[in-house]
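Engineer: kindly return the folded structure for what I paste below:
(2 chains)
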Amino acid sequence: MTAATLAITDWSAVSPFGTGRDAFVKGVRQQQSTAVQLDRERWGGPDDVACLVPDFDVRTVLGKKGTRSMNRVTGLAVATSGDLLASADGLEVPRESTAFVLGTTVGSAQSTIDLTRGSLTGERPYHVESGLIPYAVMNGAAGQCAIWHGLRGPNATLSAGRPGGLVALNYARRLLLSGRAAAVLCGAAEEYSDARAWIDHHSRDDGAAGPVLGEGCALFSLTTQPELPPLAELLAVASGTFADGDREGAVARCVRRALAAGGAQAQQVWVACPSGAAGAEGDAEIAALNGLFGASRVGTPVAALIGETHAASASFELAALLSRAEDDASCAGRTAVITSVDPGGTAAAALLRLRPDR
Amino acid sequence: MAVISADTRDRIKRLVSDVLEVESDEMTDTSRFVEDHDADSMRLIEILSSLELNLKVTIPQSELPRMVNLSGVYDVVGEIRP
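Structural biologist: As a prediction, this is how the structure comes out:
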């Protein structure tokens, strides 16, 4: 079987480690922890600490034009895609035919709530900040990235919770295999906000401590026609749902399906990377991977350093995997697995081949 | 034609220049939002809704074609809220 190669040629991240791929690689290499004490003047949520993108202010980073109403998640995505397009190793990106695919939870919970509150408390229901409307819908970030950078290919937003980054890879895979785009920028973004922090806080049992929240965006360039040897090749993505509470079984099923679709054997896998979900989900995910691969081949999630980044978590896990692969020549040609699971009942797994041509 | 106060004019100018992301001194009463300040249809709606929100008025969308510059906005608001 000689299917088209789905090459990951480059990536960038705006993360609690800082802006750009180099900052992320360095953060992973040095195992930097990024949690900071929150400034009470700026943040009014339930958290004392969070893993924020350092010094990230949308109008400071992107300028004052076109950013008046832009929310944080959009700013993170526009900045990340700008950084990726500026470097674009091995891919002379034809923007006219480049697609953009972004995983998210709900877009920006803060923008949605702000707009709704404005409508409920204003003099009239329609007396709202209309500039917020494009950002109060969940595809605001992906749309603005395309407008800002002139990406004219298909534009998709996938609301898939924590597995968002893996589901986005699958969508990119289909766009490329069906010839709908010559290249795809694909990944996921999540912002830190008071609204998100409160939602996370109230979604747990009273008093239960949650994970430290993180934020950021990671994006990857995918193409079927790489001009340079790719960083990795996407072999398969499998996703599924579970309604019976069997998280471990759902993760294991996704991994087995991805291995089968990619023609790979579990014993040949170099490393399996769990997403670092908190609580029962994370325990089940690690149990599934330990069962399939043995604990010695199960990686430590980058979430331990950059916090729970929800929709962006799987994309950051892929970024961390590619970071480790840069430093370890022994991975060349080997396969790796990334998994994710969401308390809402979804799971996913991606199978990749690292440094396939080196 | 109804005339609005200098205070209201200043306020309108600040609101409009904020939406258009230009400094107040870059705008004149007759500089045009679209041609001179790069506004698109979305920005024009934002101007209308910002005025409604902050001046507590309701402006019919049918007035949008007159709101091409500050002078036009002063006229429209003046007729609604003298």
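Engineer: relative to residue A:27, how far out is the closest residue to residue A:18 other than its chain neighbours?
Structural biologist: In space, and not counting its chain neighbours, residue A:18 is closest to residue A:54: 5.9 Å by Cβ to Cβ, 6 or more residues apart in numbering or on different chains. (Glycine included, C-beta is placed from N, CA and C.) For residue A:54, the distance to residue A:27 (Cβ to Cβ, to the nearest Å) stands at 11 Å.
Engineer: give me the common contacts of the two.
Structural biologist: A:16, A:18 (Cβ atoms under 8 Å, 6 or more residues apart in numbering or on different chains).
Engineer: looking at those two, which has the bigger crowd around it?
Structural biologist: residue A:27 (23 against 14; other Cβ atoms under 10 Å in any protein chain shown).
Engineer: quick one: contacts of the helix or strand hosting residue A:272?
Structural biologist: If you go by DSSP states H and E, residue A:272 is part of strand A:269-273. Contacts with strand A:269-273, where a contact means Cβ under 8 Å, 6+ apart, come from A:255, A:259, A:289, A:292-293, A:297-299, A:301, A:317-318, A:320-321, A:324, A:330-331, A:334-339, A:354.
Engineer: how far away is the residue nearest to residue A:18 from residue A:193?
Structural biologist: Computed with Cβ to Cβ, the distance linking residue A:54 and residue A:193 is 17 Å.
Engineer: now do the helices in chain A.
Structural biologist: Assignment of helices within chain A using DSSP state H yields the ranges A:21-30, A:58-62, A:72-87, A:109-121, A:133-136, A:140-149, A:164-177, A:194-202, A:247-262, A:279-293, A:303-306, A:313-327.
Engineer: out of these, nearest to residue B:69?
Structural biologist: helix A:133-136 (24.4 Å; Cβ to Cβ).
Engineer: mean confidence score for the strand holding residue A:272?
Structural biologist: Strand A:269-273 shows an average pLDDT of 97 in the prediction.
Engineer: got the buried residues for it?
Structural biologist: Along strand A:269-273, these residues count as buried under the neighbour rule (16 or more other Cβ atoms under 10 Å in any protein chain shown): A:269, A:270, A:271, A:272, A:273.
Engineer: what of stretch A:319-330?
Structural biologist: Result for stretch A:319-330 [16+ other Cβ under 10 Å]: buried residues A:319, A:320, A:321, A:322, A:323, A:324, A:325.
Engineer: reformat those as TSV; add distance to chain B.
Structural biologist: Formatted as TSV, the buried residues of stretch A:319-330 follow (distance: Cβ to the nearest Cβ, whole Å):
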residue	distance to chain B
A:319	33
A:320	37
A:321	40
A:322	37
A:323	37
A:324	42
A:325	42
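Engineer: got the residues you listed as JSON lines, with pLDDT columns?
Structural biologist: Rendered in JSON lines, the data for those read as follows (pLDDT from 0 to 100):
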{"residue": "A:319", "pLDDT": "98"}
{"residue": "A:320", "pLDDT": "98"}
{"residue": "A:321", "pLDDT": "98"}
{"residue": "A:322", "pLDDT": "97"}
{"residue": "A:323", "pLDDT": "97"}
{"residue": "A:324", "pLDDT": "96"}
{"residue": "A:325", "pLDDT": "95"}
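Engineer: spell out which parts of chain B neighbour chain A.
Structural biologist: Counting by Cβ under 8 Å from any Cβ of the partner chain, the residues of chain B close to chain A are B:18-19, B:21, B:42, B:45-46, B:48-50, B:52-53, B:56, B:58.
Engineer: just the buried residues of stretch A:319-330 now: which is nearest residue A:35?
Structural biologist: Here the nearest of the buried residues of stretch A:319-330 to residue A:35, counting by Cβ to Cβ, is residue A:320; it sits at 16.9 Å.
Engineer: I'd assumed residue A:302 was in contact with the closest one.
Structural biologist: Yes - counting by Cβ atoms under 8 Å, residue A:320 does reach residue A:302; the two are 3.9 Å apart.
Engineer: look up the pLDDT of residue A:130 for me, please.
Structural biologist: For residue A:130, the model assigns a pLDDT of 87.
Engineer: to clarify, my last question referred to residue A:116.
Structural biologist: Model confidence at residue A:116, given as pLDDT, is 95.
Engineer: also residue A:210?
Structural biologist: Residue A:210 is assigned a pLDDT of 88 by the prediction.
Engineer: which residues touch it?
Structural biologist: Applying Cβ under 8 Å, 6+ apart, the residues near residue A:210 are A:200, A:201, A:204, A:278, A:308.
Engineer: for the fourth one, which non-adjacent residue is closest in space?
Structural biologist: Excluding the flanking residues, the one nearest residue A:278 by Cβ to Cβ, 6+ apart is residue A:211, at 4.0 Å.
Engineer: next up, phi/psi of the one you found, please.
Structural biologist: phi -70, psi 160 (degrees, to the nearest 10).
Engineer: shouldn't it be in contact with residue A:308?
Structural biologist: Yes - with contact defined as Cβ under 8 Å, residue A:211 counts as touching residue A:308 (3.9 Å).
Engineer: which neighbours do those two share?
Structural biologist: Common neighbours of residue A:211 and residue A:308, counting by Cβ under 8 Å, 6+ apart, are residue A:278.
Engineer: list the contacts of the helix or strand of chain B with the lowest mean pLDDT.
Structural biologist: Of all the helices and strands that make up chain B, the one with the lowest confidence by mean pLDDT, DSSP states H and E is helix B:41-55; it has a mean of 91. Helix B:41-55 is touched from outside by A:69, A:122, A:124, A:126-131, A:134, B:8, B:11-12, B:15-16, B:18-20, B:33-34, B:39, B:57-59, B:61, B:63-64, B:67, B:73, B:77, B:81, with contacts defined as Cβ under 8 Å, 6+ apart.
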